[in-house]
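Visitor: quick one, structure for this:
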Amino acid sequence: MAFIDPAQVIPYFELRPDMQVADFGCGTGAYTMLMSRAILPNGKVYAIEVQKDLLITLKNTIAEKHLGNIELLWADIETVGGSKVADRVLDLVLLSNVLFQTEDHGYKTSLEVKRVLRPEGRVVLIDWAGSFGNMGPHPDQVITKESARKIFETAGFQFVKEFPAGDNHYGLILKKA
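Guide: Down below sits the predicted model:
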């Protein structure tokens, strides 16, 4: 697995039917759509994005694929309460290629994730393992897996496991303590 393939990493999330999950920073929705199918028949995915144009694209894709269990939210995941999701309702939150883009290296985002997760809820972190020339973030933007783990542990999470996420990314799962 050279570059990250959402279909190959989704099984590590251990999704089950009827789960309530969120894709924080969903982008064009590759993970959103895969999670949507994995949690059928009654599960729900909150696809959260700050870039409105990406949500419009995703809305059209969802309509084409007839996926009715996805709620699109134009929101800010970098503030507590900013995701617009209620307190303690989610089983899992995915942050894929998001941490390196946050202003504070993800700490405020970790607090928002903690707020929306149920007790024992899990967060899946996938981010760039480094800077690879013209691919990925600038070197000073990279959040190493050690730093990501520490940020979330400081916010009250416990490490569960690491999983392979391609040659250029790391994958971590932590649970709300």
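Visitor: may I have the strands that pair with the host helix or strand of I48, each with its orientation?
Guide: Take DSSP states H and E as the rule and I48 turns out to sit in strand 44-49. Strand pairing for strand 44-49, determined by DSSP bridges: strand 20-24 (parallel), strand 70-74 (parallel).
Visitor: just list what whichever helix in the chain runs longest packs against, helices and strands only.
Guide: Looking across the chain with DSSP state H, the single longest helix is helix 52-65. In terms of contacts (3 or more Cβ pairs under 8 Å, 6 or more residues apart in numbering; DSSP states H and E), helix 52-65 is packed against helix 30-38, strand 44-49, strand 70-74. (Each C-beta comes from the backbone N, C-alpha and C, glycine too.)
Visitor: show me what contacts the residue located most distally from the centre of the chain?
Guide: Residue farthest from the centre of the chain, counting by Cα atoms, centre = their mean, is G133 at 24.5 Å. With contact set as Cβ atoms under 8 Å, 6 or more residues apart in numbering, G133 has no partners.
Visitor: on that earlier part again, tell me which of the strands paired with strand 44-49 is the most buried.
Guide: Of all the strands paired with strand 44-49, strand 20-24 has the most neighbours on average by mean count of other Cβ atoms under 10 Å, namely a mean of 26.
Visitor: what's the angle between that strand and helix 30-38?
Guide: Going by axes from the mean of the first three to the mean of the last three Cα atoms, to 10 degrees, strand 20-24 is angled at 170 degrees with respect to helix 30-38.
Visitor: alpha carbons of strand 20-24, as PDB, please.
Guide: Only the C-alpha atoms of strand 20-24 are listed here, as PDB (Å, rounded to 0.1, in the frame of the first residue of the first chain):
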ATOM      1  CA  GLN A  20     -23.300   7.200  15.000                       C
ATOM      2  CA  VAL A  21     -20.000   8.600  13.500                       C
ATOM      3  CA  ALA A  22     -18.500  11.800  12.200                       C
ATOM      4  CA  ASP A  23     -15.900  12.600   9.600                       C
ATOM      5  CA  PHE A  24     -14.300  15.800  10.800                       C
END
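Visitor: what does the pLDDT read for the residue farthest from the centre of the chain?
Guide: You'll see G133 listed with a pLDDT of 70.
Visitor: same deal with G68?
Guide: For G68, the pLDDT comes out at 94.
Visitor: can you give me the neighbour number for it?
Guide: Residues lying near G68 (other Cβ atoms under 10 Å) number 11.
Visitor: do the one 10 residues further on as well
Guide: Here the neighbour count serves as a burial measure; for E78 (other Cβ under 10 Å) it reads 21.
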